[in-house]
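[1] Let me see the structure of the following:
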Amino acid sequence: MNSAQLLPSLRDLYSRLPEMYDLEPWELQSALFVLGYTEDLASEAEIAAAVEVARTDWPRNGGRPHDRLMYQTEGSDAA
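    Next up is the predicted model:
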């Protein structure tokens with residue numbers, strides 16, 4: 001699996017589990033495998049390359065995904 005194939009998996013992982021956003025590539029390696037996103041352990045270099053691209057997506061959406069959730073209050077208009 002290469003970094004281009006990992007990118008959709010990381011985007012999905014970040015959207016479903018925002019707490020994974022700050023993990024390092026070596027931590028994501030086992031998380032992706034255990035959660036069924038990969039059939040075997042992807043290399044840290046490939047994960048790091050995909051992480052760089054995936055993390056650039058979030059600022060366009062108003063910051064890291066969990067930042068938006070953390071600052072929402074009751075009655076606030078969730079984007």
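
[2] max-length helix in this structure?
    Determined from DSSP state H, the single longest helix within the chain is helix 44-60.

[3] tell me what that helix is packed against?
    On a contact count with 3 or more C-beta pairs under 8 Å, 6 or more residues apart in numbering; DSSP states H and E, helix 44-60 meets helix 3-16, helix 25-34. Bear in mind the C-beta positions are built from the backbone N, C-alpha and C, glycine included.

[4] okay if I get the ones you listed as JSON lines plus mean neighbour count?
    Formatted as JSON lines, these follow (neighbours: other C-beta atoms under 10 Å):
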{"stretch": "helix 3-16", "mean neighbour count": "16"}
{"stretch": "helix 25-34", "mean neighbour count": "16"}
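
[5] Could you point out which of those helices sits nearest Glu52?
    Closest to Glu52 of the helices and strands packed on helix 44-60, according to C-beta to C-beta: helix 3-16, at 8.7 Å.

[6] tell me the angle the closest one makes with helix 44-60.
    Taking axes from the mean of the first three to the mean of the last three C-alpha atoms, to 10 degrees, one finds helix 3-16 and helix 44-60 inclined to each other by 50 degrees.

[7] Which elements pack onto helix 3-16?
    Using 3+ C-beta pairs under 8 Å, 6+ apart, helix 3-16 is in contact with helix 25-34, helix 44-60.

[8] Just send those back as JSON lines, with mean pLDDT and distance to Ser9 too.
    As requested, these are exported to JSON lines (pLDDT from 0 to 100; distance: least, C-beta to C-beta, whole Å):
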{"stretch": "helix 25-34", "mean pLDDT": "95", "distance to Ser9": "6"}
{"stretch": "helix 44-60", "mean pLDDT": "84", "distance to Ser9": "8"}
